[in-house]
Structures are given as structure tokens and as C-alpha cells.
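> have a look; sequence and predicted model below, questions after that.
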Amino acid sequence: MQSEHIVKSFDDDLNRLDNIIAEMGGLAEHQLANSIDAMVERNEDLAEQVIASDTRIDSLEAEVVDLAIAMLALRQPMADDLRVVITALRTAAIVERIGDYAKNIAKRTVAMSQTPRMGRQVQHMIQDVLDAYVKRDADKAEDVREADAEVDTLHTSLFREILTYMMEDPRVITSCTHLLFVAKNIERIGDHATNIAENVYFLVHGYMPAEKRQKDDESSFLVVEKTRDSESDTEDT
């Protein structure tokens, strides 16, 4: 009877971990959607709501850490159960960072232009990867990993375009700098969604994906030079 109680209690803890991750994911997804809407609509009030709501995600991450540590210390889980606890810890930390990036986007709402396509793409990645986590769907997780390449390409293109604007008109440097930060935050959220996808793959299969993640973000190596006799720009990567 005691053994059955222990097993039931442990199962309850495992379910609680999943529920907290799901709540965190829902909040982070909502934060990202609101931060993008605030950016597009230049809605400062909505941006402030995003910034304020980040504390809830932080507290939920702390709850995951506390529960996971207690489970590791008291239950000493093995094999599949241990993977569940480890994956929950990893995923909670990543979702917390997603919330931080969404908050950073909201902070720069006033000075930024629109980057809806890139933001919506990443929003769909968050939705899909959290669904993959809940359903233990490794194939859907792989789709998220592949979708990150498009986000990287969009980021590189946007980065190149913004640098060109800044070179052509120094008066826009301040606003464009804010937009660069926003684009980078969105790109990093996509990376974190991909990290969760890899965690889901590990949870299902017991090992990380063998194929190296495709990275198409070239913004770190991009140099834009303006020619003397023309308004056209050349890029050296």
C-alpha cells in the first residue's frame, strides 16, 4: 500500500511538472504575441503589460526548479522518469528566456518599425514546439528545427536592410538600432524554440538529433559597404 502511494505521489509530481511547463509556455506564447502586437500597433500600454507579466514566468520557472530538485533528491528517478525531470528543467529555463526576449521586444516598442512576418513565424514555432512537448511528438519537433532556418534568413535580410538605411540616413540610426535589437530578440526566441524541439526529440528517443542544426543567420559576419559613385550597397560576408 505504501509503495502504491509513493508511485501515485511520484506520478502526481511528474504531471505537475508538465502542467507548469504548459502554463509557462502559454504565458510566454501570449507575451510574444502581445509584444509583436504592441510593436506593430505602437501600443505602449500593451507593451507595459508584457513587461509586467514576465514576473509570473520567472516564478513558475523557480517552481519547476524546486520541484525537480525535490524529485531528484527524494525519488531518485531512473531511465524515462529521469529524462522527464531533466527535460522539464531544461525546457523551463528556455521558456523563461523566451519570456525575457518578449519583454525586451516590448521595451523597445516605441522606437521600432514592423517586423511582423519574422515575429509571426517564431510565434508559430513556439506554438508547435509546445504542442510537440505535450504530445511527445518528435516529428513535429523536427519541423520546428527546420523552420528556424527561415527565421535566420529573414533576420539576415532584415539586418542587411536596416544597416543600409542607417548608412543612407544617419537620422534613423537611433530607431534602427532599436529595430536591430528587436529582430535579434525574435531570432533568439526562434533559437530557443529549436532548443526545446531538440529536448523533445531527446525525451522521445533518449538521444539528441544526430543531424547538426542548420544555421542560416549570417548577420554576425555581414559587412555593408557603400560605394562612392553609387547609392547601391555591396555585402561582404
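Good, I have the coordinates.

> extract the C-alpha trace of stretch 78-91 and format it as CSV.
Output of stretch 78-91 as CSV, limited to C-alpha atoms (Å, rounded to 0.1, in the frame of the first residue of the first chain):
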residue,chain,number,x,y,z
MET,A,78,15.7,6.4,-13.3
ALA,A,79,15.6,6.0,-17.1
ASP,A,80,12.4,7.5,-18.7
ASP,A,81,11.4,9.3,-15.5
LEU,A,82,14.8,10.9,-15.1
ARG,A,83,14.6,12.1,-18.7
VAL,A,84,11.3,13.7,-17.9
VAL,A,85,12.7,15.6,-15.0
ILE,A,86,15.8,16.7,-16.8
THR,A,87,13.8,17.8,-19.9
ALA,A,88,11.5,19.8,-17.7
LEU,A,89,14.4,21.6,-16.1
ARG,A,90,15.9,22.4,-19.5
THR,A,91,12.6,23.5,-21.0
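
> what residues sit buried inside that stretch?
When burial is assessed from 16 or more other C-beta atoms under 10 Å, stretch 78-91 yields the following buried residues: 81, 83-91. For glycine as for every other residue, the C-beta is placed from the backbone atoms N, C-alpha and C.

> same thing with stretch 164-171?
164, 166.

> would you mind giving the buried residues of stretch 78-91 as TSV with distance to Gln123 and secondary structure added?
Output for these, formatted as TSV (distance: C-beta to C-beta, whole Å; DSSP: H, G, I helix; E, B strand; the rest coil):
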residue	distance to Gln123	secondary structure
Asp81	32	helix
Arg83	28	helix
Val84	27	helix
Val85	28	helix
Ile86	27	helix
Thr87	23	helix
Ala88	23	helix
Leu89	25	helix
Arg90	21	helix
Thr91	18	helix
